[in-house]
Each structure stands twice: as structure tokens, then as C-alpha cells.
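K.L.:
Model the structure of this input:
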Amino acid sequence: MIALLVLLAAASAHAPAQSALQPLASFAGHCWRGEAPGKAGVDTHCFEWVYGGQHLRDRHVVTQNGKPVYEGEALYSADHGRVMFTYWNSLGGLGRGSASASGYDLHFTGTIHAAADSGEQPMVADWHKVADGYEVREGGSESRLLKRAD
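P.N.:
Residues are numbered from 1 along each chain as shown. The predicted structure follows:
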């Protein structure tokens, strides 16, 4: 019986338990790397299923000359058929919002306090699947490409 429970737990760690998270499944178990917004360095996002596939974690770090200058983490969760996220960063910032999918496009919207002492700002990003990765556009900025890095 214990062996069966261990096998079931291991299997669920690799797949979303909630169908609302399915559009994000291709990120899980991989890292994605590209230029950081504003040419601030190299941005690397690594995704993993947590809590038996109930949530998807995205840890990211921006490096300059190989040294971390900024880090953040998002936790994506299914909530009554929608994808909700909470984001926090190394500046004390905190954000919340939702994600939706349409075909090969992911749309993220919410609000963020970029640092612990900053005011609330709107947060909008679009990720579009392309042949060699994801084209990312944040808040009207120029698009940048994130490629699989593992």
C-alpha cells in the first residue's frame, strides 16, 4: 500500500492536477533564458510542479556578468477554473494577478508593488509560443525572446 502511494505521489509531481494549469504545463521541469527587460542582464526562469502538481512554481533570476542582481518567484494556482498567481521579489515587492491562455498565447494581468516601499502599479505581460521559445512582451515594451535553457 505504501509503495502504491509513493508511486501515485511521484506521478502527480510531473503533471497538473488541475486542468486550468494545463496551458502552463510545457514550462514545467525546464528553464527558459533570455534578455531581461530594459537590457538589464540575462533573465532565467525555471519552472517546477509543487505540492503534487497542485501548483506551478516559477523562480527567476536576472544576472549581470554572471552575478545575480534581482530574483523573484511566482506561484501559479488553479482557482475555480482560472489561473491565479502570486509574485514576490528580492526588493520586497509583491504582485498578484491571473493568467489566461488562447491558442499559443498566454496573457498575464494583475498589480504589483515592485519594491517594498513602492506604490501599486498595473502589471501586464503576454507570452507567445514561437518555434524556438517564447516571445515575451511586458507592459507595452519591446518583445524579447526566452529560449529553453536546459
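
K.L.:
So which residues of the protein form strands?
P.N.:
Here the chain has its strands, by DSSP state E, at 31-35, 42-50, 55-64, 67-79, 82-89, 92-102, 105-115, 120-130, 133-138, 144-148.

K.L.:
hang on, isn't Lys147 packed against Ala131?
P.N.:
No - the pair Lys147 and Ala131 does not pass the contact test of CB atoms under 8 Å, sitting 10.3 Å apart. Quick note: C-beta positions are derived from backbone N, CA and C, even for glycine.

K.L.:
The two - which one has more neighbours?
P.N.:
In this view Lys147 and Ala131 are compared by other CB atoms under 10 Å, and Lys147 has more residues nearby, 12 against 4.

K.L.:
what about the nearest residue to the more buried one once chain neighbours are set aside, neighbour count?
P.N.:
Closest residue to Lys147 apart from its sequence neighbours, by CB to CB, 6 or more residues apart in numbering: Gly133 at 3.9 Å. Using other CB under 10 Å, Gly133 has 18 other residues around it.

K.L.:
Contacts only, for Gly133.
P.N.:
Neighbour list for Gly133: Trp32, Gly34, Leu145, Leu146, Lys147, Arg148 [criterion: CB atoms under 8 Å, 6 or more residues apart in numbering].
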